[in-house]
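> Kindly generate the corresponding structure for this input.
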Amino acid sequence: MNTSSIKPFPSHGALALLEEEASQLAGQLRAGDNTAISRQYQYYRFIGTKRKDIPTDMPPDPSLAPAIVAREYGFRDWPTLIFFSEEMNRPGSPVHAFETAVDAIISGDEQVLAELLQASPELTRIRSQRVHQATLLHYTAANGVENYRQKTPSNIVSIARVLLLAGVEVDAPLMDGGNGTTLGEVATSIHPARRGVQLELMELLLDAGAAVDGLPNGWQPMMAALANGRPEAAAVLADRGSYMTVVAASGLGREELVRSFFTSGGEYIPTKEKIFHVPEEPEKQLMRAFMYACIYGHTAVAAWLIERGVDPGVQDDDGYTGLHWAGHGGHVELVKFLLSRRVPLELKNCYGGTVLGQVLWSAANNAGGWGGNEPDADYPLIATLLIEAGAFVWPGTLDWWRSEKGVKAGVRERMEEVLRRHGEIS
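As a prediction, the model looks like this:
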């Protein structure tokens, strides 16, 4: 389930409040309330029902109200929620001790955590009652657990060390979300990255024996890191021996390694193992490698793959071209290179955005700095390059640009000048 949607559990009179919430929701469903029906729809999504299998004219079902409320608080069903509520009212219970330990972890209270572990050694084996069934160590990743608890204190490495020394299992998987280990969750988490402790925390886990490629049938942490905009984390895993593919090598910009996937005659040697986010078909492996080179701004790798037959105008499964990604990432030199290869400018991604449209959106949303993107991306310059190469400026673009809120100082004025200079007059 989407852990970002889990609601904080009420601290006082919880069971009575939850019963009242379920009763109100049942009444709203009986009345055909649209918001309540939307909650019912989300419930089906929570339990893994595919969108195509949920009828658009889904009838409201008041009997589902308790189950819906339970899922919204992160529990598998209503009886589990009731059990959790009752146990939280027993200060000496394992559930209460576990939740108290979680609070100590996310607040950085190393002393309280150590005292809890000493008093209740079994906490190293206990899992959360919520659907993800996280261990205490998972909470150090600030990822894959309830959103409101995704916090990284400055001493999280010391907190994790306390847990590991107490005997918590380093590779215990989350029970919901692809068998993610703590290492994988850390490698893809924005919170420790922003705090500046992500790489140190990963090194601690690896030194404690964490599997660099994750668990069998789970997702590979290195490719997951690249797929989530964490190239520095992916590089750590690569250096620690993670299984490499041409896709990962391209995303990391390791040109010599990319070349090693080709014979002396230029024939690609495809990856046959099943790796997360790496397609099975050889041609699709190369296409995705090219996209990752473009996402992370590796011009030499992109050029090498084009020389080996990758179409520079190929679109990925979401309709993005390499030029879309290069523009989004603010990679000016790569944009210039792809324009020199006459990449089509008006192909649209799954959101209906051309390359110029993508660049304008990225500029309006301050997208620079995500993963491999340049933190000070010069979007006005990239827009100029695209327009001078023939990109069409749709009527009304200037009005749209003016209406966007929160654009970085200086970018708004420069982009407006670009649009004016190239004929988009309002």
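
> Show me the shaky parts of the stretch 301-426 of the chain.
369-373, 424-426 (pLDDT under 70).

> mind running it again at 50?
Within the stretch 301-426 of the chain, the stretches with pLDDT under 50 are 426.

> what ranges do the helices span in it?
Under the criterion DSSP state H, counting those that start in this stretch, helices of the stretch 301-426 of the chain are mapped to 322-329, 332-340, 355-364, 379-388, 397-403, 411-421.

> How many neighbouring residues does V246 have?
For V246, the neighbour count with other CB atoms under 10 Å is 28. Backbone N, C-alpha and C define where each C-beta goes, glycine included.

> Also G410?
9.

> Quick check: the gap between it and P380.
According to CB to CB, to the nearest Å, G410 and P380 sit 9 Å apart.

> Same question for A101.
Taken as CB to CB, the span from A101 to P380 is 50 Å.

> Read off the pLDDT value for the nearest residue to P282 once chain neighbours are set aside.
Nearest residue to P282 in three dimensions, chain neighbours excluded: P270, at 3.8 Å (CB to CB, 6 or more residues apart in numbering). According to the prediction, P270 has pLDDT 96.

> before we move on, what about V258?
Value for V258, per-residue pLDDT: 97.

> Report the buried residues of stretch 200-209.
201-202, 204-206, 208 (16 or more other CB atoms under 10 Å).

> same deal with stretch 281-293?
Buried, per 16+ other CB under 10 Å, within stretch 281-293: 284-293.

> repeat for stretch 331-344
Those would be 331-332, 334-335, 337-339, 343, for stretch 331-344 by 16+ other CB under 10 Å.

> ok, residues contacting it?
Contacts with stretch 331-344, where a contact means CB atoms under 8 Å, 6 or more residues apart in numbering, come from 294, 297-299, 302-303, 306, 312-313, 321-323, 326-327, 373-374, 378, 381-382, 385-386, 389.

> Any quick PyMOL command for the buried ones out of those?
Restricted to buried positions by 16+ other CB under 10 Å, the PyMOL selection for those reads:
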select buried, resi 294+297+298+299+302+303+306+312+321+322+323+326+327+373+378+382+385+386+389
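
> ends of stretch 140-159, how far apart?
8 Å (CA to CA, to the nearest Å).

> Please tell me how far that stretch is from the chain's geometric centre.
Taking CA atoms, centre = their mean, to the nearest Å, one finds the center of stretch 140-159 at 15 Å from the center of the full chain.

> for stretch 248-260, same thing?
That offset, for stretch 248-260, works out to 23 Å (CA atoms, centre = their mean).

> Name the residues that touch that stretch?
With CB under 8 Å, 6+ apart as the criterion, stretch 248-260 contacts 222-223, 226, 231, 234-235, 238, 242, 244, 246, 261, 278, 289-290, 292-293, 295-298, 300-301, 304-305, 372.

> which parts of stretch 122-142 are buried?
By neighbour count on 16+ other CB under 10 Å, the buried set for stretch 122-142 is 123-124, 126, 128-142.
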